[in-house]
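Asker: following is a predicted model, sequence given first.
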Amino acid sequence: MKKTFKFLADLKLNNEQEWFMDHIGEYERAKTEISDFAYVILTQLSLIDLKLDAEINVERFISSVMNIRPKKAITYLGFFDISISPLANDGNEPVYLLHLDPDHSYISIKYQPDVFGLQVMRNFITKNVSELESILLDCYASGFHLEQSSMLATLPKGYASGMPGESLIKLKEYELRSNIDFLKPDDERLQDILSTFRSALPFVEFLRKGLGL
């Protein structure tokens, strides 16, 4: 992973097409390493989460560093994301996210709902808030924290102030994050990722249950 992270760090310092094309070989090598890594993660996660299919093409889970904007200069993202899910609900489902970034790497369980999915999840949370709060406490003890950057300043219409789980209802997306050192030796890194994701499986299952998956 060291070469991949060095490429990403260099790309952030040289975010222009000429530099990128001069280092296209490094990009292809990094993309291959990320693809191989995603396959290993998917294969091992599918033993923990039986809804995952180890035969899914992992290329569907990997982001590109290229962000092409019509009629504008090409910009490059200085990170790779691997977003693993069963692909059972057209993307409207929680994912196992691995964010590989030389500035800030982490893994997370993330659910970015559409408008309908958000309403369904909020209603489910109001009826099962004690269960969710218990799950979150266990996840916090395992090193996760709840991302709150999407939290609304006030409750959405139809929800009363002071209700149980008020802060959870204010969220527009649901994400538990945990910092991970991707530069550890391969076996140690893999075990860290798997054990951390395993501890958050009840959160994944809660979200899926709310969506009827």
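Answerer: Nice, I can see it.
Asker: please count neighbours and contacts with C-alpha atoms only from this point.
Answerer: Fine.
Asker: strands along this protein, start to end?
Answerer: 66-67, 75-76, 80-84, 95-100, 106-111, 145-146, 174-179 (DSSP state E).
Asker: between those strands, which gets nearest to Asn14?
Answerer: The minimum distance between Asn14 and the strands of the chain falls on strand 75-76, with 9.5 Å, by CA to CA.
Asker: tell me the mean pLDDT for the closest one?
Answerer: The average pLDDT for strand 75-76 rounds to 88.
Asker: same for the lowest-mean-pLDDT helix or strand in the chain, what does it pack against?
Answerer: Using mean pLDDT, DSSP states H and E, strand 66-67 stands out as the lowest-scoring helix or strand of the chain, at a mean of 74. Packing partners of strand 66-67 (3 or more CA pairs under 8 Å, 6 or more residues apart in numbering; DSSP states H and E): strand 75-76.
Asker: just how off-centre is the strand it packs on within its chain?
Answerer: Computed by CA atoms, centre = their mean, to the nearest Å, the chain-centroid distance of strand 75-76 equals 21 Å.
Asker: parallel or antiparallel, list what pairs with it.
Answerer: Take DSSP bridges as the rule and strand 75-76 pairs in its sheet with strand 66-67 (antiparallel).
Asker: returning to what we had before: switch the strands of the chain over to TSV; also include mean neighbour count and distance to Ala38.
Answerer: Formatted as TSV, those follow (neighbours: other CA atoms under 10 Å; distance: least, CA to CA, whole Å):
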stretch	mean neighbour count	distance to Ala38
strand 66-67	12	19
strand 75-76	16	21
strand 80-84	22	7
strand 95-100	23	9
strand 106-111	22	13
strand 145-146	16	23
strand 174-179	21	18
